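Asks: Fold the following for me, if possible:
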Amino acid sequence: MIWQDILKIRTTSPLVHNITNYVVMNTTANALLAIGASPVMAHAIEEVEEMTGLAQALVINIGTLSSTWVEAMLNAGKEARRRKIPIVLDPVGCGATQFRTQTAQKLINEIRPTVIRGNASEIKSLIDSVQATKGVDSMHHPDEVFDDARSLSLLADCVVSVSGPVDLIVKWDEVVRIENGHPMMTKVTGIGCTSSAITAAFLAVNSSPIKAAAHAMAVMGIAGEFAARKSIGPGSFQVNFLDFLYCMHETDILQNLKMQGLPPDKPRDQKVGI
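Replies: Numbers count the residues shown, from 1 in each chain. Below is the predicted model:
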């Protein structure tokens, strides 16, 4: 259950190592603290492997790339894989440039993320490198790229979490649909990146990647709905969103959750590579 995962996060305060972009470091760190996790943002090559070894989950976010950061991401990802630490890859802006797309593909092939979380256009670009992406914004609805998400899940042997008006969490032939959320969430920089960080927190306490990813997106959507009710614009929304993550109760989930699916995992062997 979602509430049980939240209680585990609040009581164990898992360390989530984020190699993420400059734009969202403060936002995602505060969101992790609000839900009860412990964030650390470390990207120096000299320490990423050691820091990853201390963490219960790793987030790799390609929002502000450089060659040095790519090396750090690969090193951290390989260390996480060696230690069986769950990895969330956020392919921010993938499809906008060859560097981003090729970096995302290299990361998938070499570190084998547990969950890939992105918007519909980013997910589509990982399958179709010709597809354009509007900066870091999505030009597609998640339902338009379900087949791409399923293909990516099969090829990369991972859960694919597609955010949008309806969130899709896909694992092979299984799909969870979550209809929580609010349009104001698209007016705040870093909400998508926050989804990836929160997904990592849930992965730290739930051994089922599809359940952890679905629970994280449900919490994000419900928090967005509650925050929007109290907000007059994106500025107040950010504050109210963090407050609700901190104050969320079980009844908030039970009364507002709009989720379909979440079947049990099925063991299956797949070849990795895209």
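Asks: since we're on the residue nearest to Gln260 when sequence neighbours are not counted, how many residues are nearby?
Replies: Take Gln260 and drop its neighbours on the chain: the residue closest to it by C-beta to C-beta, 6 or more residues apart in numbering is Arg177, 4.6 Å away. Where you see a C-beta, it was placed from the backbone N, CA and C, and this is true even at glycine. Arg177: 17 surrounding residues under other C-beta atoms under 10 Å.
Asks: pLDDT of the helix or strand where Arg177 lies, averaged?
Replies: Under the criterion of DSSP states H and E, Arg177 resides in strand 174-178. On average, the pLDDT along strand 174-178 is 95.
Asks: Now do the contacts for the spatially most central residue of the chain.
Replies: By C-alpha atoms, centre = their mean, the mean C-alpha position of the chain lies nearest to Ser196, the distance being 2.1 Å. Contacts for Ser196 (C-beta atoms under 8 Å, 6 or more residues apart in numbering) come out as 28, 59, 61, 88, 90, 117.
Asks: So it lies in a helix, does it not?
Replies: Yes: the assignment for Ser196 is a helix, going by DSSP: H, G, I helix; E, B strand; the rest coil.
Asks: gap between it and Gly235?
Replies: According to C-beta to C-beta, to the nearest Å, Ser196 stands 23 Å off from Gly235.
Asks: Equivalent analysis for Ala216, please.
Replies: According to C-beta to C-beta, Ala216 and Gly235 sit 24 Å apart.
Asks: So for the two, which sits in the more crowded spot?
Replies: Comparing Ala216 with Gly235 by other C-beta under 10 Å, the one with more neighbours is Ala216, at 31 against 11.
Asks: angle of the lengthiest helix in the chain against strand 174-178?
Replies: Counting residues, the longest helix in the chain under DSSP state H turns out to be helix 209-230. Orientation of helix 209-230 against strand 174-178 (axes from the mean of the first three to the mean of the last three C-alpha atoms, to 10 degrees) gives an angle of 10 degrees.
Asks: which residues in the stretch 51-200 of the chain form helices?
Replies: Taking DSSP state H, counting those that start in this stretch as the criterion, the stretch 51-200 of the chain carries its helices at 67-82, 98-111, 120-127, 146-156, 191-203.
Asks: still on that earlier bit, pull the number of nearby residues for the closest residue to the residue nearest to the centre of the chain other than its chain neighbours.
Replies: Leaving out its chain neighbours, the residue that sits closest to Ser196 by C-beta to C-beta, 6+ apart is Asp90, at 4.0 Å. Neighbours of Asp90 under the rule other C-beta under 10 Å: 32.
Asks: Brilliant, that's me finished.
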